[in-house]
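Colleague: Fold the following, please.
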Amino acid sequence: MSINQPSSSTPSLSQNYSSPYSRNSDSNGTVNTPLRPIKSESGFEFPAIWSFPPFFTLQPNPSTLSHQLELWRTLVLKWAKHERVYEVNVDGEVGGVFDNKKIKRQLLPPSMKRLLTEMVKNGEAAPDPPKQDTKYLLYWRKPDEWGDLIYTWVTENGLNSSIMTFYEITDGDLSHVTEFYELPTPLLRKALESLVKRGKAQLLEGKGEIGEGVRFL
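Modeller: Purely as a prediction, here's the structure:
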């Protein structure tokens, strides 16, 4: 996400967020101070626009809103990938990328729902469970991409034709060093379903104390 060079005046949202400035008052009046990227304790770098207060309020102008949502979508996916965040609960405690405590701004639930609806349209998120607008899976890696990683791991470890529980795949002894370690079950299921569609796996119902499983083909 790039930020253009500063202009001579404080930008409005209709200027597509180009070079956000903050206003600071001194004895000579108001001056424009260019905002800077912020690096979190975990090493994630929030772009300068994240410290621009109007960025947290969805705008009424259609073209401005479209660009605003595009910036938010990109930011959320980059942040989620860096922090390994797989799920968002709109009605839960707001935090992370949605809450900039330094400027006391949050993306409120109605705006979060609008953003996530846009991400769903672009294949970047999915409501889970379906037909509700509160809980979403984030697709910083698509289900079929997770499926490919899992199937490559299965092949490399000679597990083809074997039966594995969901737990063994995401939390077993062999999975600790994989990218899908501790992958949430809803996302794992979608990944495995993508393999089923390609004839590479067969889902099995759990029985008794044995959880859901999959046979790799």
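
Colleague: For this protein, which segments count as strands?
Modeller: With DSSP state E as the criterion, the chain has strands at 21-26, 29-34, 38-39, 45-46, 87-89, 99-100, 105-106, 125-127, 135-138, 163-165, 201-204, 213-216.

Colleague: Select, out of those, the one closest to S175.
Modeller: Nearest to S175 among the strands of the chain is strand 163-165 (9.7 Å), distances taken as Cβ to Cβ. Any C-beta I mention is one placed from the backbone N, CA and C, and that applies to glycine too.

Colleague: and the closest one, what other elements does it pack with?
Modeller: Taking 3 or more Cβ pairs under 8 Å, 6 or more residues apart in numbering; DSSP states H and E as contact, the helices and strands that strand 163-165 lies on are strand 213-216.

Colleague: E70 is nearest to which of the strands of the chain?
Modeller: Counting by Cβ to Cβ, E70 lies closest to strand 125-127 out of those; the figure is 14.3 Å.

Colleague: starting at the chain centroid, how far to the closest one?
Modeller: Here strand 125-127 shows a centroid-to-chain-centroid distance of 10 Å under the convention Cα atoms, centre = their mean, to the nearest Å.

Colleague: so what strands line up beside that strand?
Modeller: Partner strands and pairing direction for strand 125-127 (DSSP bridges) are strand 135-138 (antiparallel).

Colleague: circling back: among the strands of the chain, which comes closest to F55?
Modeller: Across the strands of the chain, the minimum distance to F55, taken as Cβ to Cβ, is reached by strand 105-106, at 7.8 Å.
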